[in-house]
Each structure stands twice: as C-alpha cells, then as structure tokens.
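Next one to model:
(4 chains)
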Number of protein chains: 2
Amino acid sequence: MQTIPKELVHKKFPSLEDALLDELLAQSTLKEVSEGEDVMRSGQYITSTILLLRGLLKVYREDDEGNEFLMYYLEAGNACALSMMCTARDEQSQIMIKAVDDSELILVPSHLSELWLAKYKSWNNFVIASYRQRFEELLQTLDSIAFKGLDERLLFYLKRHVKVSGNHVKLSHQQIATELSSSREVISRLLKKLEQTGAVTLHRNYIEVQNLSLV
Amino acid sequence: MQTIPKELVHKKFPSLEDALLDELLAQSTLKEVSEGEDVMRSGQYITSTILLLRGLLKVYREDDEGNEFLMYYLEAGNACALSMMCTARDEQSQIMIKAVDDSELILVPSHLSELWLAKYKSWNNFVIASYRQRFEELLQTLDSIAFKGLDERLLFYLKRHVKVSGNHVKLSHQQIATELSSSREVISRLLKKLEQTGAVTLHRNYIEVQNLSLV
DNA sequence: CCCTTTCTGTGACAACAGTCACTGTAGTCC
DNA sequence: GGACTACAGTGACTGTTGTCACAGAAAGGG
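Numbering: from 1, shown residues only, chains lettered A, B, ... in the order given. From the prediction side, this is the model:
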C-alpha cells in the first residue's frame, strides 16, 4: 500500500473532515494510471469508490455493437458516483472509464465507503453532492442527445472539452465522431462549417477554439 | 397531517426497519393525487423525498421548447431518487413527475431523509438501492436514444409500458410520439408495421400488445 | 341525428445523418 | 527521398425521420 500525501488530499477534497482523512489515508490505496489506460471496463465488479486526486478521466458508455458515447469528464477533486452504484448484476449496461491524462486515483473499499456514510457527516454530504452533480451532467448529455441536432451536440461537446482542458482540443475528427456516436465524415463537415463562421480553426490532430458562444 | 396505515407501508416497503417506520409515520405527510395530476413541475424547489405507496408515476424531462421525453415509470414501493437530488439551483434542468394513475405519496421532509441516512441502516440501503435502480433505468433510456432507431425505441417503450400496466396500452399515438419526442405520423407508421407483423393490434385510444419478443 | 372534436391513416416531400468512394495532405520510418 | 500510414476534405447516394396536407373513422354532446 502506497502512502498518500495528506496535504494534497486535503487540498483537493477540502470538504472532508480531518478524522475521515486519517482513516481514508490509512485504509485506501493509491493507483496511478497513464494516459489512455482503462480505469474501469464494462461489466467489471466494482469493489471501490474512486476519488480522483490528479488528472482527468472520461466516463462513457458502450453498447454490444461497439458504439460508444461520452457521458462526462471527471476532474481532480471529484468522486466517481458511478463507482458506488455499479454492481456485478450489470447485464449489458456497460460503463467504461478511461484516463484522458496521466492520473492518480484513491480507491476506497466499498464497505468502508458505505460505513462512512453513517459515520462521517462530511462524507455523506460529499457522496450525495457527487451523485447530484453527475446526475445533472448526465441529464444534460441526455438532453443534448434527445433534443438537439448533431451540430448543437458538437458545440456542446466542444464547450465541455474546452472547460476541462483549454482551447486546444487535441482530438482527431474520428475521436470526436466516436464519442458522439457519429461518423468522421459528418463531423468533418460540421467542423468545416464552424470554421467558416470563425468559431474554430482546424489543424491536423487538434482544433483551436476561438469563440463558440457566437455561433 | 393524515394518518398513514403502517401495515400498508410495511407491505410496500418491507426492507425498512420498524423503528424507522414509526418515525416515518409520525413525521411524514400523505398526499393523494389523481390521474393526470402533476406531482412535481420543473424548476420547483424540492423539500421532500417521495415514496410511492400506491399508483403509478411517470418521470420525464422537458426542455425549453416544450419537447419532452420519458425517463422512467415509478411503481408503488419505490422512492423517487431524484427528489433527493434535485435542488433549487436547477437552472434549465426540468424534471417533471406526473401521476399516470391515481396515486398516494408519502412525503418525507428532506432534512429527515438526510438524517436517517446515518441513523437507520435500512434507510441508507434503501436510498442507495433506489439511486442505483433509477440510474440503471436512466442509462437504458439513454442507450435506446443514443444507439437505437425509432423503431427499436418504440418497442422498448411498449415493453416497458406492458411491464408496468399490462397488455392494454391505453395511449393515443400522439401521446406515444410526445413521450418519445417524435411525431404522431411517424409513430402511426411504425405501429402499422408492427401490426402487420402481428406484434400488436391497433385500436382507437389503445393498443393491444400480442407479442413483442418475436419482432 | 347532426355537428364537432379527436384520433388515425397515407402520400408527397424535405432535411439530416450515415455510408461509400476517392483525393489530398501531413507526418514517420527506413 | 520514397513508401507508408493516419488524418482530413468532398461529392454522390441512401435511409430514416420529421413535416405538410389531407381524408376518413370513431366518439360524444346537444
């Protein structure tokens, strides 16, 4: 079991009370994953709650035919609410988590996580808040799929991407197409349109976002 | 405050421990709503956790332009997980709950509901289990929207409907279209196709489901 | 029984998104 | 530099969904 720097944890998760931090440090494990690595694969049995100490994860969904779509990004200082909800009985429901950047995770054994709900008020609040936040984001994703055309979904996607990692979106058209569950040609066309309005500038392997709000 | 029959509550929510039941009966209110009535409108401040004692609710979503789509049905014996998560800060996120049949709700004040998470193990489990279940259903809905064509979504919709209220689906084509965020003509066409395969029989204002599995 | 309303059926057409086929272009590896 | 590979751009075509414009059928109310 690796040692986890208490100061860093406190900084990233300021709402957690001190006694809880101590127990957390004593009982959890630290895991490092590098860019592109899978943190959680579909159908896997979840035995830990995941706290993200550093880095960036993407949480997405995959169906039997290999289609996928992005649910949301998880930034440092957040917990993966799903990791408390997913169980082995998951039939086809496939939730995948992948590291977008090199990341450090704190793995809290599920039974402790449940115990702490009653024992530590701050943990309880933290977990509930995480649920709420993720649920909100998921609903936004749902909205954009249900109500919007692909052009608006693309905008929504780019905005979200800019929010978590800045104006240089380091993605190929193919990657975007996959995450939006579309096809490369269509994304290329739409991006071209966006470029013509001056919202973005296209390059090989990355997109420079100028101004999405004026589209 | 109306009296709530303990026997019935125990029967519908067997997992809740006895001491909790007593407190619940003492501190909650009973609300009756009739078919078609709104239980929760978008943007409303949520001060209670909702337990459904009798009847059937539908939980759906509405955007600014009046489009809507069904998230899931809530049957007696279930809690509305959302009612714990939604807060006033909800900007555009619009969750609506409507009574499909005449229903009886138990309204648990939010502060008690939170308190009980620590106080009663059975409540804690119940709430977490509700979250999980609703989340799963929501993900299924998401999948069907993201990955499936309208024909498959219609099948999925009918199946779910049959599951909660039997083989006579008392809905007009227009209602189905609304809940699937589509248009009446399209639903009519697809239903006609289903009728030709023998999966359903169409009537005015209701659909008789014969066999959906063989489509 | 009419009259009105609501629901359903249908054909024609438009718009959007996905697919195919092919070109060009920028990097990378010998 | 030549070959190879991944990425990007484009036109043509297809299928699905949404829209429009009707027409007919069922229910209900006076």
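
Spell out which residues of chain A are next to DNA strand C.
A:Gly149, A:Leu150, A:Asp151, A:Ser181, A:Ser182, A:Ser183, A:Glu185, A:Val186, A:Arg204 (C-beta under 7 Å from any atom of the strand). Where you see a C-beta, it was placed from the backbone N, CA and C, and this is true even at glycine.

Take these and keep only those in helices.
Within those, residues falling in helices by DSSP state H are A:Leu150, A:Asp151, A:Glu185, A:Val186.

Quick one: distance of the helix-or-strand element of chain A with minimal mean pLDDT to the chain centre.
Least confident helix or strand of chain A, by mean pLDDT, DSSP states H and E, is helix A:82-85 with a mean of 73. Relative to the centre of its chain, helix A:82-85 is centred 13 Å away, using C-alpha atoms, centre = their mean, to the nearest Å.

CA atoms of that helix as CSV?
Taking Å, rounded to 0.1, in the frame of the first residue of the first chain, the C-alpha atoms of helix A:82-85 are listed here in CSV:
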residue,chain,number,x,y,z
LEU,A,82,-21.0,5.5,-10.5
SER,A,83,-18.4,3.5,-8.8
MET,A,84,-20.7,3.3,-5.8
MET,A,85,-23.7,2.4,-7.9
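
Quick one: the strands in chain A, in order.
Ranges of strands in chain A, per DSSP state E, are A:29-33, A:38-40, A:48-54, A:56-62, A:68-75, A:79-80, A:95-99, A:103-109, A:168-169, A:200-202, A:207-209.

close to chain B, is the longest one?
This points to strand A:68-75. Yes - Strand A:68-75 comes into contact with chain B (C-beta under 8 Å from any C-beta of the partner chain), by way of A:Phe69.

I'd like to know which elements that strand is packed against.
In terms of contacts (3 or more C-beta pairs under 8 Å, 6 or more residues apart in numbering or on different chains; DSSP states H and E), strand A:68-75 is packed against strand A:56-62, strand A:95-99, helix A:121-147, helix A:150-165, helix A:173-179.

elements contacting the fourth one?
I take that to be helix A:150-165. Judged by 3+ C-beta pairs under 8 Å, 6+ apart, helix A:150-165 is in contact with strand A:68-75, helix A:121-147, strand A:168-169, helix A:173-179, helix A:184-196, strand A:207-209.

got the angle for it vs helix A:184-196?
Compare the direction of helix A:150-165 with that of helix A:184-196 by axes from the mean of the first three to the mean of the last three C-alpha atoms, to 10 degrees and you get 80 degrees.

same thing with the first one?
Inter-element angle recorded for strand A:56-62 and helix A:184-196: 130 degrees (by the same axes, to 10 degrees).

Parallel or antiparallel, which strands does strand A:56-62 pair with?
Strand pairing for strand A:56-62, determined by DSSP bridges: strand A:68-75 (antiparallel), strand A:95-99 (antiparallel).

just the CA coordinates of that strand, formatted as CSV?
Extracted C-alpha coordinates of strand A:56-62, given in CSV (Å, rounded to 0.1, in the frame of the first residue of the first chain):
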residue,chain,number,x,y,z
LEU,A,56,-8.6,13.7,-15.9
LEU,A,57,-10.9,10.7,-16.6
LYS,A,58,-13.7,10.3,-19.1
VAL,A,59,-16.7,8.3,-18.3
TYR,A,60,-18.5,6.8,-21.3
ARG,A,61,-20.8,4.1,-22.4
GLU,A,62,-20.5,1.3,-24.9
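
ok, residues contacting it?
Applying C-beta atoms under 8 Å, 6 or more residues apart in numbering or on different chains, the set of residues contacting strand A:56-62 from outside is A:39, A:42, A:68-76, A:80, A:82, A:94-101, A:103, A:164-165, A:179, B:139, B:142-143, B:146.
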